[in-house]
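Enquirer: what follows is a predicted structure for the sequence shown.
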Amino acid sequence: MTPIAILLSGRGTNMVALADRVASGDIDADIAFVASDRADAPGLDRAKERGLRTVLLPYGERGKEGAEAFLTRLVEDEGVDWIVLAGFMRLLSSSFVSRQCGKIVNIHPSLLPSFPGVDAIGQAWNYGVAVTGVTVHLVDEKMDHGPILAQEALSLKGGESLHDLEERIHHVEHRLYGDTLKRLLSSRLIFEGRRVTFD
Ligand SMILES: Nc1nc2c(c(=O)[nH]1)N[C@@H](CN(C=O)c1ccc(C(=O)N[C@@H](CCC(=O)O)C(=O)O)cc1)CN2
Ligand SMILES: NCC(=O)N[C@@H]1O[C@H](COP(=O)([O-])[O-])[C@@H](O)[C@H]1O
């Protein structure tokens, strides 16, 4: 059973989807804690409802460096093997990423490298794309730049609203992230440049 930590800043629906699959035994992991940079993140309440340990990262009091030092101590004390970002809206420093030996994974609601950063779905909608999707990627020191582990595309439907599209993308996320994490925890990663395959 692999110890993981989940980091979020918002609603936590991706955390819930992962936690449910861990609880069912489908994903062979132990969620050591769920952490957020925001005390008001609804995802923290959802984690507490599931009996998960929650942690507030002290970005407010200690800034980025202090918050990452706090997180590093927690990760090392708990023997966390993978850090799972699920709507965590803070850029992690290169020193933090390298200390974790790159064992950080993120989900992003677009087909990277298109539409990195915040509001990716809104960016794609406003651009008028015909196809968008979801990316699961390793985290490096840059924003939404790390090697891609999985992607799934979806075509926009005539007449659908932005809200409809957001709902369909989140539905894909909730399945794809769990499927990819399950493979990640049971495989070796083979790197060829930026290309990553599971062994
Ligand atoms: N080193 C990395 N850190 C993070 C990555 C990554 O790929 N590499 N992914 C992000 C998630 N993310 C979108 O995928 C994202 C994170 C942060 C921001 C952002 O603008 N943050 C600002 C301030 C946010 C705030 O104060 O609330 C900042 O950090 O200065 C946008 C998108 C997770 N981290
Ligand atoms: N740049 C990162 C980013 O945009 N992440 C996105 O934040 C949302 C979090 O939702 P959730 O809190 O309900 O899981 C998800 O759509 C995730 O892909």
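Expert: Yep, it's here. Every value quoted in this text rests on a predicted model; they were computed, and no experiment measured them. Numbers count the residues shown, from 1 in each chain. Ligands and ions are numbered 1, 2, ... in the order given.

Enquirer: what about the chain, any weak spots by pLDDT?
Expert: For the chain, applying pLDDT under 70 flags no range at all.

Enquirer: what ranges do the strands span in it?
Expert: Residue ranges of the strands in the chain, as given by DSSP state E, are 2-8, 29-36, 54-56, 82-85, 104-108, 131-138, 148-155, 189-192, 195-198.

Enquirer: how about those strands in TSV, adding distance to ligand 1 and mean neighbour count?
Expert: (Glycine included, C-beta is placed from N, CA and C.) Formatted as TSV, the strands of the chain follow (distance: least, Cβ to the nearest ligand atom, whole Å; neighbours: other Cβ atoms under 10 Å):
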stretch	distance to ligand 1	mean neighbour count
strand 2-8	8	23
strand 29-36	11	22
strand 54-56	14	17
strand 82-85	5	22
strand 104-108	5	23
strand 131-138	7	22
strand 148-155	11	16
strand 189-192	17	11
strand 195-198	15	12
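
Enquirer: among those strands, which comes closest to residue 118?
Expert: Of all the strands of the chain, it is strand 104-108 that lies closest to residue 118, at 10.4 Å by Cβ to Cβ.

Enquirer: mind putting the strands of the chain into TSV with distance to residue 76?
Expert: Listed next are the strands of the chain as TSV, based on distance: least, Cβ to Cβ, whole Å:
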stretch	distance to residue 76
strand 2-8	11
strand 29-36	11
strand 54-56	14
strand 82-85	12
strand 104-108	14
strand 131-138	20
strand 148-155	24
strand 189-192	22
strand 195-198	25
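
Enquirer: and the longest helix for this protein?
Expert: Secondary structure of the chain per DSSP state H: the longest helix is helix 162-185.

Enquirer: and that one with strand 131-138, angle?
Expert: Counting by axes from the mean of the first three to the mean of the last three Cα atoms, to 10 degrees, helix 162-185 lies at 30 degrees to strand 131-138.

Enquirer: right, is helix 162-185 up against ligand 1?
Expert: No: figure legend: helix 162-185 not in contact with ligand 1 (Cβ under 6 Å from any ligand atom); closest approach 11.9 Å.

Enquirer: quick revisit: redo the strands of the chain as JSON lines? Include distance to ligand 2.
Expert: Listed next are those as JSON lines, based on distance: least, Cβ to the nearest ligand atom, whole Å:
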{"stretch": "strand 2-8", "distance to ligand 2": "5"}
{"stretch": "strand 29-36", "distance to ligand 2": "10"}
{"stretch": "strand 54-56", "distance to ligand 2": "14"}
{"stretch": "strand 82-85", "distance to ligand 2": "7"}
{"stretch": "strand 104-108", "distance to ligand 2": "5"}
{"stretch": "strand 131-138", "distance to ligand 2": "7"}
{"stretch": "strand 148-155", "distance to ligand 2": "12"}
{"stretch": "strand 189-192", "distance to ligand 2": "21"}
{"stretch": "strand 195-198", "distance to ligand 2": "19"}
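
Enquirer: residue 175 is nearest to which of the ones you listed?
Expert: Each of those has some distance to residue 175 by Cβ to Cβ; the shortest is strand 148-155, at 8.4 Å.
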